[in-house]
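Enquirer: Got a predicted model here, sequence first, then my questions.
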Amino acid sequence: MWSSMSKSTRYVATQDAVNAFADVAAKAPWLSIDTEFERIRTYYPKLCLVQIGAPGESVCIDPLADISLDPLREAIAESPAVKIFHAARQDLEVLHHALALMPNHLFDTQIAAAMTGYGDQVGYAHLVKTICGVELSKAYTRTPWCRRPLTDQEILYAFDDVEYLDTIFDELRHELERKDRLGWHAEDCAALLSGEWMDAENAGIEKVAKACSGLSQEAQSVAHALAVWREETAQRRDRPREWLLATSAIAALAERRPANISELAKVADIEPGTVKHRGDEILEVIKEGKKNADSFIARKPPTRPDEKTKALGNALWDTLNRLCAEAEIPTSCVAKRDDIRALAAGRRDLRLLTGWRRDFAGEKLEKIATETA
(Lines give C-alpha, C1' and ligand atoms only; values in the text may rest on other atoms or scores of the structure.)
Protein backbone atom coordinates (compact mmCIF):
# COMPACT_ATOMS: atom_id res chain seq x y z
CA MET A 1 0.00 0.00 0.00
CA TRP A 2 1.29 3.44 -0.88
CA SER A 3 0.66 5.84 1.95
CA SER A 4 0.55 9.59 1.47
CA MET A 5 3.42 10.48 3.81
CA SER A 6 4.40 14.07 4.37
CA LYS A 7 6.19 15.13 1.23
CA SER A 8 8.89 17.62 0.40
CA THR A 9 7.43 20.15 -2.04
CA ARG A 10 9.33 22.35 -4.48
CA TYR A 11 8.47 25.05 -6.98
CA VAL A 12 10.48 24.19 -10.07
CA ALA A 13 11.45 26.92 -12.53
CA THR A 14 15.00 25.97 -13.56
CA GLN A 15 16.32 23.38 -15.98
CA ASP A 16 18.56 21.74 -13.39
CA ALA A 17 15.58 21.21 -11.07
CA VAL A 18 13.50 19.73 -13.90
CA ASN A 19 16.31 17.35 -14.81
CA ALA A 20 16.76 16.27 -11.20
CA PHE A 21 13.09 15.53 -10.69
CA ALA A 22 12.90 13.69 -14.03
CA ASP A 23 15.45 11.22 -12.62
CA VAL A 24 13.26 10.72 -9.55
CA ALA A 25 10.10 10.33 -11.64
CA ALA A 26 11.68 7.76 -13.96
CA LYS A 27 12.26 5.41 -11.01
CA ALA A 28 9.02 6.05 -9.11
CA PRO A 29 6.34 3.32 -8.75
CA TRP A 30 3.63 5.96 -9.16
CA LEU A 31 3.22 9.58 -10.16
CA SER A 32 0.26 11.73 -9.20
CA ILE A 33 -0.32 14.41 -11.84
CA ASP A 34 -2.47 17.50 -12.26
CA THR A 35 -2.30 20.62 -14.38
CA GLU A 36 -3.46 24.21 -14.16
CA PHE A 37 -4.35 25.91 -17.42
CA GLU A 38 -6.33 28.76 -18.93
CA ARG A 39 -8.63 28.63 -21.91
CA ILE A 40 -10.81 31.69 -21.65
CA ARG A 41 -9.31 33.69 -24.52
CA THR A 42 -7.72 30.92 -26.58
CA TYR A 43 -8.70 28.04 -28.85
CA TYR A 44 -6.03 25.80 -27.37
CA PRO A 45 -5.57 25.34 -23.62
CA LYS A 46 -2.54 27.21 -22.26
CA LEU A 47 -0.55 25.15 -19.79
CA CYS A 48 0.32 27.22 -16.72
CA LEU A 49 1.51 24.69 -14.11
CA VAL A 50 2.27 20.98 -13.90
CA GLN A 51 2.02 19.42 -10.45
CA ILE A 52 3.59 15.99 -10.04
CA GLY A 53 3.82 13.91 -6.89
CA ALA A 54 6.16 10.97 -6.32
CA PRO A 55 6.95 8.98 -3.15
CA GLY A 56 8.39 11.50 -0.71
CA GLU A 57 8.40 14.48 -3.04
CA SER A 58 6.03 16.78 -4.95
CA VAL A 59 6.96 19.43 -7.47
CA CYS A 60 5.10 22.28 -9.06
CA ILE A 61 6.74 22.91 -12.42
CA ASP A 62 6.44 26.28 -14.14
CA PRO A 63 6.14 25.66 -17.91
CA LEU A 64 6.13 29.43 -18.51
CA ALA A 65 9.72 29.69 -17.27
CA ASP A 66 12.61 29.39 -19.73
CA ILE A 67 12.89 25.61 -19.35
CA SER A 68 12.32 22.45 -21.37
CA LEU A 69 10.06 19.73 -20.00
CA ASP A 70 11.45 17.15 -22.42
CA PRO A 71 13.27 15.28 -19.61
CA LEU A 72 9.89 14.51 -18.03
CA ARG A 73 8.33 13.20 -21.22
CA GLU A 74 9.78 9.71 -20.96
CA ALA A 75 8.85 9.38 -17.28
CA ILE A 76 5.25 10.37 -17.92
CA ALA A 77 4.72 8.66 -21.26
CA GLU A 78 6.85 5.52 -21.05
CA SER A 79 7.88 4.61 -17.49
CA PRO A 80 6.17 1.67 -15.73
CA ALA A 81 4.87 4.01 -13.02
CA VAL A 82 1.12 4.25 -12.53
CA LYS A 83 0.03 7.77 -13.54
CA ILE A 84 -2.71 8.88 -11.14
CA PHE A 85 -5.08 11.64 -12.25
CA HIS A 86 -8.46 12.85 -11.09
CA ALA A 87 -10.88 13.54 -13.98
CA ALA A 88 -8.02 13.14 -16.43
CA ARG A 89 -9.69 14.17 -19.66
CA GLN A 90 -8.81 17.87 -19.68
CA ASP A 91 -5.35 17.25 -18.23
CA LEU A 92 -4.64 14.76 -21.00
CA GLU A 93 -5.73 17.25 -23.62
CA VAL A 94 -3.52 19.97 -22.15
CA LEU A 95 -0.46 17.72 -21.85
CA HIS A 96 -0.97 16.36 -25.34
CA HIS A 97 -1.20 19.83 -26.87
CA ALA A 98 1.53 21.53 -24.84
CA LEU A 99 4.05 18.70 -24.51
CA ALA A 100 3.05 16.25 -27.27
CA LEU A 101 2.73 13.39 -24.81
CA MET A 102 0.12 10.90 -23.65
CA PRO A 103 0.70 9.17 -20.31
CA ASN A 104 0.73 5.40 -20.09
CA HIS A 105 -0.61 3.27 -17.21
CA LEU A 106 -3.37 5.75 -16.41
CA PHE A 107 -5.47 5.50 -13.25
CA ASP A 108 -8.34 7.98 -13.13
CA THR A 109 -9.72 8.35 -9.61
CA GLN A 110 -12.98 9.92 -10.79
CA ILE A 111 -13.74 6.92 -13.00
CA ALA A 112 -12.75 4.57 -10.18
CA ALA A 113 -14.94 6.46 -7.72
CA ALA A 114 -17.99 6.08 -9.97
CA MET A 115 -17.37 2.34 -10.19
CA THR A 116 -17.03 1.91 -6.42
CA GLY A 117 -20.10 3.68 -5.08
CA TYR A 118 -19.03 7.32 -4.70
CA GLY A 119 -21.42 8.66 -7.35
CA ASP A 120 -21.19 10.22 -10.77
CA GLN A 121 -18.42 12.76 -11.53
CA VAL A 122 -17.45 13.05 -7.87
CA GLY A 123 -15.07 15.91 -7.16
CA TYR A 124 -11.50 15.57 -5.92
CA ALA A 125 -12.21 17.63 -2.79
CA HIS A 126 -15.05 15.27 -1.84
CA LEU A 127 -12.78 12.23 -2.15
CA VAL A 128 -10.05 13.96 -0.12
CA LYS A 129 -12.55 14.70 2.65
CA THR A 130 -14.20 11.26 2.57
CA ILE A 131 -11.10 9.10 2.21
CA CYS A 132 -8.35 11.25 3.75
CA GLY A 133 -10.37 13.24 6.28
CA VAL A 134 -8.98 16.55 5.01
CA GLU A 135 -11.02 19.63 4.09
CA LEU A 136 -9.38 21.38 1.17
CA SER A 137 -9.39 25.15 0.86
CA LYS A 138 -11.47 26.74 -1.89
CA ALA A 139 -9.76 30.12 -1.58
CA TYR A 140 -7.87 30.05 -4.87
CA THR A 141 -10.25 28.34 -7.28
CA ARG A 142 -10.37 31.46 -9.47
CA THR A 143 -6.63 32.09 -9.53
CA PRO A 144 -5.38 33.33 -12.95
CA TRP A 145 -2.73 30.62 -13.20
CA CYS A 146 -0.80 32.28 -16.03
CA ARG A 147 -0.09 35.34 -13.89
CA ARG A 148 3.42 35.65 -12.49
CA PRO A 149 4.57 35.69 -9.82
CA LEU A 150 2.21 33.30 -8.03
CA THR A 151 1.93 33.64 -4.27
CA ASP A 152 3.16 30.95 -1.90
CA GLN A 153 -0.45 30.27 -0.92
CA GLU A 154 -1.48 29.74 -4.54
CA ILE A 155 1.41 27.35 -5.11
CA LEU A 156 0.52 25.33 -2.01
CA TYR A 157 -3.10 25.26 -3.17
CA ALA A 158 -1.94 23.80 -6.49
CA PHE A 159 0.19 21.22 -4.66
CA ASP A 160 -2.89 19.99 -2.82
CA ASP A 161 -4.31 18.73 -6.12
CA VAL A 162 -1.73 15.92 -6.17
CA GLU A 163 -0.92 15.60 -2.46
CA TYR A 164 -3.67 13.07 -1.70
CA LEU A 165 -4.04 11.23 -5.01
CA ASP A 166 -1.86 8.28 -3.96
CA THR A 167 -3.94 7.63 -0.83
CA ILE A 168 -7.15 7.89 -2.86
CA PHE A 169 -5.60 5.55 -5.45
CA ASP A 170 -4.85 2.96 -2.76
CA GLU A 171 -8.41 3.03 -1.45
CA LEU A 172 -10.16 2.97 -4.81
CA ARG A 173 -7.91 0.35 -6.36
CA HIS A 174 -8.61 -1.92 -3.39
CA GLU A 175 -12.35 -1.39 -3.83
CA LEU A 176 -12.16 -2.07 -7.56
CA GLU A 177 -10.31 -5.29 -6.86
CA ARG A 178 -12.79 -6.31 -4.16
CA LYS A 179 -15.71 -5.71 -6.54
CA ASP A 180 -13.89 -7.39 -9.46
CA ARG A 181 -14.01 -4.17 -11.49
CA LEU A 182 -10.35 -3.48 -12.18
CA GLY A 183 -10.99 -4.58 -15.76
CA TRP A 184 -13.84 -2.07 -16.07
CA HIS A 185 -11.56 0.73 -14.97
CA ALA A 186 -8.70 -0.34 -17.22
CA GLU A 187 -11.04 -0.41 -20.22
CA ASP A 188 -12.35 3.11 -19.61
CA CYS A 189 -8.85 4.49 -19.01
CA ALA A 190 -7.68 2.90 -22.26
CA ALA A 191 -10.56 4.67 -24.02
CA LEU A 192 -9.35 7.97 -22.57
CA LEU A 193 -5.81 7.32 -23.74
CA SER A 194 -6.99 6.54 -27.26
CA GLY A 195 -7.39 10.30 -27.71
CA GLU A 196 -10.43 10.03 -30.00
CA TRP A 197 -12.39 12.46 -27.82
CA MET A 198 -9.69 15.12 -28.28
CA ASP A 199 -10.83 16.04 -31.79
CA ALA A 200 -11.94 19.56 -30.90
CA GLU A 201 -12.28 20.55 -34.54
CA ASN A 202 -14.83 17.84 -35.28
CA ALA A 203 -16.65 18.67 -32.06
CA GLY A 204 -17.17 22.24 -33.22
CA ILE A 205 -18.30 21.13 -36.67
CA GLU A 206 -20.63 18.52 -35.17
CA LYS A 207 -22.23 21.17 -32.97
CA VAL A 208 -23.08 23.20 -36.07
CA ALA A 209 -24.38 20.11 -37.90
CA LYS A 210 -26.80 19.34 -35.07
CA ALA A 211 -27.97 22.94 -34.91
CA CYS A 212 -28.69 22.97 -38.66
CA SER A 213 -30.03 19.44 -39.17
CA GLY A 214 -33.53 20.72 -39.99
CA LEU A 215 -32.37 23.05 -42.79
CA SER A 216 -32.23 22.41 -46.53
CA GLN A 217 -29.36 20.61 -48.23
CA GLU A 218 -27.92 23.90 -49.52
CA ALA A 219 -28.23 25.53 -46.12
CA GLN A 220 -26.48 22.61 -44.43
CA SER A 221 -23.69 22.76 -47.00
CA VAL A 222 -23.21 26.46 -46.24
CA ALA A 223 -23.29 25.78 -42.49
CA HIS A 224 -20.63 23.10 -42.87
CA ALA A 225 -18.40 25.41 -44.90
CA LEU A 226 -18.75 28.14 -42.29
CA ALA A 227 -18.03 25.69 -39.47
CA VAL A 228 -14.83 24.49 -41.15
CA TRP A 229 -13.76 28.07 -41.84
CA ARG A 230 -14.45 29.00 -38.20
CA GLU A 231 -12.31 26.13 -36.89
CA GLU A 232 -9.39 26.90 -39.19
CA THR A 233 -9.51 30.60 -38.36
CA ALA A 234 -9.86 29.98 -34.61
CA GLN A 235 -6.89 27.61 -34.66
CA ARG A 236 -4.75 30.01 -36.68
CA ARG A 237 -5.55 32.95 -34.40
CA ASP A 238 -5.74 30.81 -31.24
CA ARG A 239 -9.08 32.31 -30.26
CA PRO A 240 -12.28 30.63 -29.04
CA ARG A 241 -14.46 29.62 -31.97
CA GLU A 242 -17.56 31.28 -30.54
CA TRP A 243 -15.69 34.59 -30.35
CA LEU A 244 -15.21 34.51 -34.10
CA LEU A 245 -18.70 33.41 -35.06
CA ALA A 246 -21.37 32.05 -32.75
CA THR A 247 -23.03 28.77 -33.66
CA SER A 248 -26.39 30.58 -33.65
CA ALA A 249 -24.93 33.05 -36.17
CA ILE A 250 -23.79 30.22 -38.44
CA ALA A 251 -27.29 28.75 -38.36
CA ALA A 252 -28.80 32.15 -39.24
CA LEU A 253 -26.28 32.68 -42.06
CA ALA A 254 -26.95 29.21 -43.45
CA GLU A 255 -30.67 29.80 -43.44
CA ARG A 256 -30.55 33.27 -45.07
CA ARG A 257 -27.38 32.88 -47.17
CA PRO A 258 -26.69 36.62 -47.70
CA ALA A 259 -25.07 37.61 -50.97
CA ASN A 260 -23.61 41.02 -50.01
CA ILE A 261 -22.42 43.05 -47.04
CA SER A 262 -25.75 44.85 -46.65
CA GLU A 263 -27.64 41.56 -46.36
CA LEU A 264 -24.95 40.11 -44.08
CA ALA A 265 -25.26 43.01 -41.64
CA LYS A 266 -28.97 42.25 -41.18
CA VAL A 267 -28.46 38.64 -40.07
CA ALA A 268 -29.17 37.99 -36.41
CA ASP A 269 -26.23 37.37 -34.03
CA ILE A 270 -23.62 38.84 -36.40
CA GLU A 271 -21.49 41.38 -34.58
CA PRO A 272 -20.84 44.67 -36.48
CA GLY A 273 -17.11 44.17 -36.00
CA THR A 274 -17.35 40.73 -37.65
CA VAL A 275 -19.15 42.25 -40.64
CA LYS A 276 -16.52 45.00 -40.91
CA HIS A 277 -13.40 42.88 -40.57
CA ARG A 278 -14.48 39.47 -41.93
CA GLY A 279 -17.58 40.19 -43.97
CA ASP A 280 -16.02 39.63 -47.39
CA GLU A 281 -14.36 36.43 -46.19
CA ILE A 282 -17.65 35.09 -44.78
CA LEU A 283 -19.48 35.88 -48.02
CA GLU A 284 -16.86 33.91 -49.98
CA VAL A 285 -17.33 30.93 -47.66
CA ILE A 286 -21.10 31.10 -48.12
CA LYS A 287 -20.63 31.19 -51.89
CA GLU A 288 -18.37 28.12 -51.70
CA GLY A 289 -20.90 26.28 -49.54
CA LYS A 290 -23.66 26.96 -52.08
CA LYS A 291 -21.40 25.80 -54.91
CA ASN A 292 -20.78 22.43 -53.20
CA ALA A 293 -24.40 21.88 -52.12
CA ASP A 294 -25.25 19.26 -54.77
CA SER A 295 -22.56 16.87 -53.47
CA PHE A 296 -23.12 17.60 -49.76
CA ILE A 297 -24.77 14.82 -47.75
CA ALA A 298 -27.39 16.56 -45.65
CA ARG A 299 -28.30 15.36 -42.19
CA LYS A 300 -31.90 14.48 -41.56
CA PRO A 301 -33.47 15.99 -38.45
CA PRO A 302 -34.09 13.52 -35.63
CA THR A 303 -37.49 11.88 -35.81
CA ARG A 304 -39.74 11.33 -32.84
CA PRO A 305 -40.07 7.64 -31.93
CA ASP A 306 -43.40 5.93 -32.31
CA GLU A 307 -45.24 4.88 -29.18
CA LYS A 308 -43.93 1.31 -29.30
CA THR A 309 -40.31 2.42 -29.60
CA LYS A 310 -40.81 5.02 -26.88
CA ALA A 311 -42.29 2.42 -24.54
CA LEU A 312 -39.40 0.05 -25.27
CA GLY A 313 -36.90 2.81 -24.54
CA ASN A 314 -38.55 3.51 -21.20
CA ALA A 315 -38.54 -0.19 -20.30
CA LEU A 316 -34.85 -0.51 -21.22
CA TRP A 317 -34.01 2.58 -19.19
CA ASP A 318 -35.88 1.24 -16.17
CA THR A 319 -34.03 -2.07 -16.47
CA LEU A 320 -30.67 -0.32 -16.68
CA ASN A 321 -31.51 1.86 -13.67
CA ARG A 322 -32.38 -1.24 -11.66
CA LEU A 323 -29.17 -3.04 -12.62
CA CYS A 324 -27.08 0.01 -11.75
CA ALA A 325 -28.84 0.53 -8.42
CA GLU A 326 -28.13 -3.09 -7.48
CA ALA A 327 -24.47 -2.65 -8.43
CA GLU A 328 -24.24 0.78 -6.73
CA ILE A 329 -22.94 2.58 -9.79
CA PRO A 330 -24.39 5.63 -11.57
CA THR A 331 -26.52 4.83 -14.62
CA SER A 332 -24.53 7.43 -16.57
CA CYS A 333 -21.40 5.34 -15.96
CA VAL A 334 -22.90 2.66 -18.21
CA ALA A 335 -24.97 4.54 -20.79
CA LYS A 336 -26.71 7.81 -21.55
CA ARG A 337 -30.43 8.08 -22.11
CA ASP A 338 -29.78 8.78 -25.81
CA ASP A 339 -27.92 5.46 -26.08
CA ILE A 340 -30.95 3.63 -24.72
CA ARG A 341 -33.24 5.44 -27.14
CA ALA A 342 -30.92 4.47 -29.98
CA LEU A 343 -30.94 0.84 -28.85
CA ALA A 344 -34.74 0.85 -28.77
CA ALA A 345 -34.77 2.33 -32.28
CA GLY A 346 -32.65 -0.53 -33.62
CA ARG A 347 -29.07 0.77 -33.47
CA ARG A 348 -26.37 -1.66 -32.36
CA ASP A 349 -23.15 0.34 -32.90
CA LEU A 350 -23.17 1.50 -29.30
CA ARG A 351 -20.53 1.56 -26.58
CA LEU A 352 -23.15 -0.06 -24.36
CA LEU A 353 -22.79 -3.23 -26.44
CA THR A 354 -19.01 -3.51 -26.08
CA GLY A 355 -16.59 -4.54 -23.33
CA TRP A 356 -17.62 -4.60 -19.71
CA ARG A 357 -20.80 -2.64 -20.43
CA ARG A 358 -22.04 -5.43 -22.66
CA ASP A 359 -21.30 -8.04 -19.98
CA PHE A 360 -22.87 -5.93 -17.24
CA ALA A 361 -26.06 -4.80 -18.97
CA GLY A 362 -25.79 -4.45 -22.74
CA GLU A 363 -26.37 -8.09 -23.66
CA LYS A 364 -29.46 -8.27 -21.47
CA LEU A 365 -30.83 -5.00 -22.83
CA GLU A 366 -30.14 -6.04 -26.42
CA LYS A 367 -32.02 -9.29 -25.86
CA ILE A 368 -35.04 -7.39 -24.50
CA ALA A 369 -34.92 -4.97 -27.44
CA THR A 370 -34.67 -7.78 -30.01
CA GLU A 371 -37.48 -9.83 -28.46
CA THR A 372 -39.74 -6.80 -28.20
CA ALA A 373 -39.16 -5.45 -31.71
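Expert: Received it, and whenever you're ready, just let me know what you need. Numbering: from 1, shown residues only.
Enquirer: buried set for the host helix or strand of Ser221?
Expert: If you go by DSSP states H and E, Ser221 is part of helix 217-237. Residues 218-231, 233-234 are the ones in helix 217-237 that count as buried (16 or more other Cβ atoms under 10 Å). Every residue, glycine included, has its C-beta placed from N, CA and C.
Enquirer: Stretch 283-294 now?
Expert: So stretch 283-294, judged by 16+ other Cβ under 10 Å, has buried residues 283, 285-286, 288-290, 293.
Enquirer: Stretch 241-250 too?
Expert: Per 16+ other Cβ under 10 Å, stretch 241-250 contains these buried residues: 241, 244-247, 249-250.
Enquirer: Repeat that for stretch 308-317.
Expert: 309, 312-313, 315-317.
Enquirer: residues making contact with stretch 252-263?
Expert: 212, 215, 218-220, 222-223, 226, 264, 266-270, 275, 279-280, 282-283, 286, 289-290 (Cβ atoms under 8 Å, 6 or more residues apart in numbering).
Enquirer: Low-confidence stretches in this protein?
Expert: Scanning the chain for pLDDT under 70 picks out the ranges 1-8, 197-201.
Enquirer: Would you list the phi and psi of the residue with the largest distance to the centre of the chain?
Expert: The outermost residue of the chain relative to its centre, with distances by Cα atoms, centre = their mean, is Ser262 at 40.1 Å. Dihedral angles phi and psi of Ser262 (degrees, to the nearest 10) take the values phi -60, psi -50.
Enquirer: follow-up on the earlier one: just the buried residues of stretch 308-317 now: which is nearest Glu36?
Expert: Trp317 (38.6 Å; Cβ to Cβ).
Enquirer: and that closest one, that's in a strand?
Expert: No. Using DSSP: H, G, I helix; E, B strand; the rest coil, the assignment for Trp317 is helix, not a strand.
Enquirer: Which members of the buried residues of stretch 241-250 occur in helices, if any?
Expert: 241, 244, 247, 249-250 (DSSP state H).
Enquirer: Columns distance to Arg39 on top of the residues you listed, output as TSV?
Expert: Listed next are these as TSV, based on distance: Cβ to Cβ, whole Å:
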residue	distance to Arg39
Arg241	12
Leu244	15
Thr247	18
Ala249	21
Ile250	21
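Enquirer: quick one: the strands in the stretch 251-373 of the chain?
Expert: Taking DSSP state E, counting those that start in this stretch, the stretch 251-373 of the chain contains no strands at all.
Enquirer: Which pair in the buried residues of stretch 283-294 has the greatest spatial separation?
Expert: Longest span within these, Cβ to Cβ: Leu283 and Ala293, 15.9 Å.
Enquirer: measure Ile250 to His224 for me?
Expert: 9 Å (Cβ to Cβ, to the nearest Å).
Enquirer: shared neighbours, the two?
Expert: Joint contacts of Ile250 and His224 (Cβ under 8 Å, 6+ apart) are Val208.
Enquirer: circling back: take the contacts of stretch 252-263 and keep only those in helices.
Expert: Those of the contacts of stretch 252-263 lying in helices (DSSP H): 218-220, 222-223, 226, 264, 275, 279-280, 282-283, 286, 289-290.
Enquirer: Nearest to Ala22 among the residues you listed?
Expert: Leu226 (45.1 Å).
Enquirer: Now the residue nearest the centre of the chain. Nearest residue, chain neighbours left out?
Expert: Nearest to the mean C-alpha position of the chain, counting by Cα atoms, centre = their mean, stands Arg89 at 4.3 Å. Leaving out its chain neighbours, the residue that sits closest to Arg89 by Cβ to Cβ, 6 or more residues apart in numbering is Leu192, at 6.3 Å.
Enquirer: Now do the strand or helix carrying the one you found: everything it contacts.
Expert: When elements are assigned from DSSP H and E, Leu192 belongs to helix 182-193. Applying Cβ under 8 Å, 6+ apart, the contact partners of helix 182-193 are 88-89, 92, 102-104, 106-108, 111-112, 115, 173, 176, 355-356, 360.
Enquirer: try 7 Å this time
Expert: Helix 182-193 has contacts (Cβ atoms under 7 Å, 6 or more residues apart in numbering) with 88-89, 92, 102, 106-108, 111-112, 115, 176, 355-356.
Enquirer: Relative to Lys83, which of the buried residues of stretch 283-294 is nearest.
Expert: Closest to Lys83, out of all of those and judged by Cβ to Cβ, is Val285, at 42.1 Å.
Enquirer: chain center to stretch 22-38, what's the gap?
Expert: 20 Å (Cα atoms, centre = their mean, to the nearest Å).
Enquirer: How about that stretch, which residues are buried there?
Expert: Those would be 22, 24-26, 28, 30-37, for stretch 22-38 by 16+ other Cβ under 10 Å.
Enquirer: try stretch 49-65
Expert: 49-55, 58-63.
Enquirer: which one of the residues you listed is nearest Ala81?
Expert: Once Cβ to Cβ is applied, the member of those that ends up nearest Ala81 is Ala54, at 8.1 Å.
Enquirer: The closest one contacts Asp23, doesn't it?
Expert: No. Assessed by Cβ atoms under 7 Å, Ala54 is found out of contact with Asp23, at 10.6 Å.
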